[in-house]
Structure formats: structure tokens, C-alpha cells
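Visitor: what follows is a predicted structure for the sequence shown.
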Amino acid sequence: MKVYFPSYYNKFKCIAERCQNSCCVGWEITVDQKTLQKYEQSGREDILRHISCGSIVLCDGGRCPFLTERGLCRIISELGEEYTSVICREHPRFYHRIGERIEGGIGASCEEAARIILSSDGYDSFVSVEKDSVDAPDETELDTKAEREEIYAILSDRALPFSARVEKIRDRYEIPKNIHTRDEWQEIFFSLEMLDESHREIISVGKTVLNEEYSDCFERFLAYLIYRHASVASSRDNLRARIAFCLLLTEMLENSMAKNQLSEDGAAELVRIISEEIEYSEDNTAALVFELESLL
């Protein structure tokens, strides 16, 4: 089947042992039934003893037992990538369905994906990739593709400052800027579950002056968020809330870059953290979208 990815997708390749934030550490790793059967049929008891209740039992520090000291996967090196579970082969890819069209992307919780997203044009153009099968959610009733294209048309108008483009999106979808005070947002953020408590300083918003010097970075991050989260909206109200959610996370990036006086080179790590802590947590995403939908 054909899956449509943003044009920058072809730049992505796992950087394996060069990765500083391995997806093989700290994340639950499920093993699908088909892969489990491969291990059983191959008689690999050394692999099977590390699997319980459909997941790999992680070592101290949340490290996968098959991750070598060099940062490489022992299963891949000994058996080949086809012997890894679906979640390992697909990460950081995600999928959604609009009509009969299946779309995919690369998630920003991966440091290499974050770097590519922030450094690449072409978020509004797509390439088709042949895939055997994908686990894509059911089609939504809302024509989010048309809505997304309208947002991208506003977002890509670089004749305007980024702040003006954001205001046009807010006006188009009737999203007030000061829907909560900074203190109210901080109270909500404090209630979210963090993978790393040291990240709470980044999960914040505040009164900062937008540095237009890095507007390309903010534009590309917002475009990625719109693609991933607004595309799956279930209703008009849910769409508005999801766009507000995307704007909120972009504001987190703006705020943290200004507060820490970081350059664009440091933005990818901030994006990775925001993605890991918020948008890759179904609970945290749902909590913020619900809050926004109740206020809009």
C-alpha cells in the first residue's frame, strides 16, 4: 500500500550508536504476536526469557536487555531487523488516515527526527512510500486535509513575521491568546506526569519576546504538530482545541529558547523533550486537549 509522508521523510535514517537518547532506554517495548512466534520457532530462549506479558522486561535504568554497550541492537546484529518487533521497526514513525489516504510521519521524540523536522522545508509536500501494512487509526469524519492545507497556506507566508502568521491562525479558528494566565498554565503543567522531573522547567510558558531570527524553526515545529495532531481531529470543536494545543507547544519552544538564550542548534533537543514529555504521552496530550476544548 502507498503511505504519504512529508517530503523530508526520505532524509530519515536511525543513527543507532550515535544517538544520545536511545529509544531502547526508558520506553516500554511491546512484542507483537507475530514476532513472538518467530522467537519461539527459532528456539531463542535467550530472547524469550526477557519477554513477559507481551513486553520486553527492561534492565536497571530502563535499558533494553538486547542493547549492547555500543548502543546497537543484538537482535538485529544476530538475526536481522525483520526479527525485531513492529514497534522497534516503526519507531519513530506514526500514521493516520484521511479518507482512503494513509499518511505517515516521523515523531519528534527521536533526536534525529527532530533535527530533520527543524532543518527541512517541504512540510507541505509529500512523497509516497510503499509499505506492506501499517496500523492506522480509523478515518475521522472531519475533512482535516483541507483544514491543514489552509493552515499551511497561512503558516508558509514568510512575507509576514511568524508572530503575525500565528495571530492569523488564532483569528481564523477563534483561539484567544490569553486563554489562561501563566500561573494557571503552570498549575496544569505541574499536574502532568513527567518522564524526567528536570524537564518541568522546559514545559512552561511565559512572557517572552519572540525572536523572529528563529522563525523558520518555530514554523517547522508548528507545521509538524499540526500534521500530527490537528489531522486526527474528530470534530470542529476538537480541531480548534488541537490547533490550540499545537500553538501551546510551539510557545513552550519559543519560551524555553528565549529563557535559556539557546540558538537554533539547541532547538532540536528542546523539541525532543517537549515531544517526549507531552505529545508522546497519550495521557498528557488528552489532558491538555480536553482543557482547551472545555475553554473554547
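Guide: Cool, the structure landed.

Visitor: quick check: F66 vs Y152, distance?
Guide: 40 Å (C-beta to C-beta, to the nearest Å). For every residue, glycine as well, the C-beta is placed using N, CA and C.

Visitor: looking at those two, which is more packed in?
Guide: Just comparing F66 and Y152: by other C-beta atoms under 10 Å the higher neighbour count belongs to F66, 21 against 18.

Visitor: tell me the contacts of the residue nearest to K11 when sequence neighbours are not counted?
Guide: What sits nearest to K11 in space, not counting adjacent residues and going by C-beta to C-beta, 6 or more residues apart in numbering, is I116, at 5.1 Å. For I116, the contacting residues are Y8, K11, F12, I106, by C-beta atoms under 8 Å, 6 or more residues apart in numbering.

Visitor: wasn't I116 part of a helix?
Guide: Yes. With DSSP: H, G, I helix; E, B strand; the rest coil as the criterion, I116 is assigned to a helix.

Visitor: below-threshold pLDDT in this protein: ranges please.
Guide: The chain contains residues with pLDDT under 70 at 138-141, 207-209, 260-265.

Visitor: where along it do the strands fall?
Guide: Here the chain has its strands, by DSSP state E, at 2-6, 51-52, 55-56, 93-98, 101-106, 126-130.

Visitor: can you tell me which of these is most buried?
Guide: strand 101-106 (a mean of 20; mean count of other C-beta atoms under 10 Å).

Visitor: could you check the angle strand 2-6 makes with that strand?
Guide: Strand 101-106 and strand 2-6 are oriented at 50 degrees to each other (axes from the mean of the first three to the mean of the last three C-alpha atoms, to 10 degrees).

Visitor: now strand 101-106 and strand 126-130, what's the angle there?
Guide: Using the same axes, to 10 degrees, the direction of strand 101-106 lies 100 degrees away from that of strand 126-130.

Visitor: which neighbouring elements make contact with strand 101-106?
Guide: Judged by 3 or more C-beta pairs under 8 Å, 6 or more residues apart in numbering; DSSP states H and E, strand 101-106 is in contact with strand 2-6, strand 93-98, helix 111-119, helix 215-229.

Visitor: walk me through which strands that strand pairs with, and which way each runs.
Guide: In the sheet, strand 101-106 lines up against strand 2-6 (parallel), strand 93-98 (antiparallel) (DSSP bridges).

Visitor: now that strand - C-alpha only, PDB.
Guide: The C-alpha coordinates for strand 101-106 follow below in PDB (Å, rounded to 0.1, in the frame of the first residue of the first chain):
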ATOM      1  CA  ARG A 101      -5.400   8.100   2.100                       C
ATOM      2  CA  ILE A 102      -3.000   6.800   4.700                       C
ATOM      3  CA  GLU A 103      -0.400   9.400   5.900                       C
ATOM      4  CA  GLY A 104       2.700   8.900   8.000                       C
ATOM      5  CA  GLY A 105       5.300  11.000   9.700                       C
ATOM      6  CA  ILE A 106       8.400  10.800  11.900                       C
END
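
Visitor: residues contacting the residue of the chain most remote from its centre?
Guide: Relative to the C-alpha centroid of the chain, counting by C-alpha atoms, centre = their mean, G43 is the outermost residue, at 36.3 Å. By C-beta under 8 Å, 6+ apart, no residues touch G43.

Visitor: how many neighbours does S42 have?
Guide: Neighbours around S42, by other C-beta under 10 Å: 12.

Visitor: might one say that it is in contact with L79?
Guide: Yes. Counting by C-beta atoms under 8 Å, S42 does reach L79; the two are 7.5 Å apart.

Visitor: return the residues in contact with the closest residue to I47 other than its chain neighbours.
Guide: With C-beta to C-beta, 6+ apart as the criterion, I47 has its nearest non-adjacent residue at 4.9 Å, and that residue is Y39. Listed by C-beta under 8 Å, 6+ apart, the contact partners of Y39 are V31, I47, L48, I51, Y83.

Visitor: can I get these in TSV with distance to E147?
Guide: Shown next, in TSV, are these (distance: C-beta to C-beta, whole Å):
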residue	distance to E147
V31	37
I47	45
L48	47
I51	42
Y83	41
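
Visitor: of those residues, which belong to helices?
Guide: Residues of these located in helices (DSSP state H): I47, L48.
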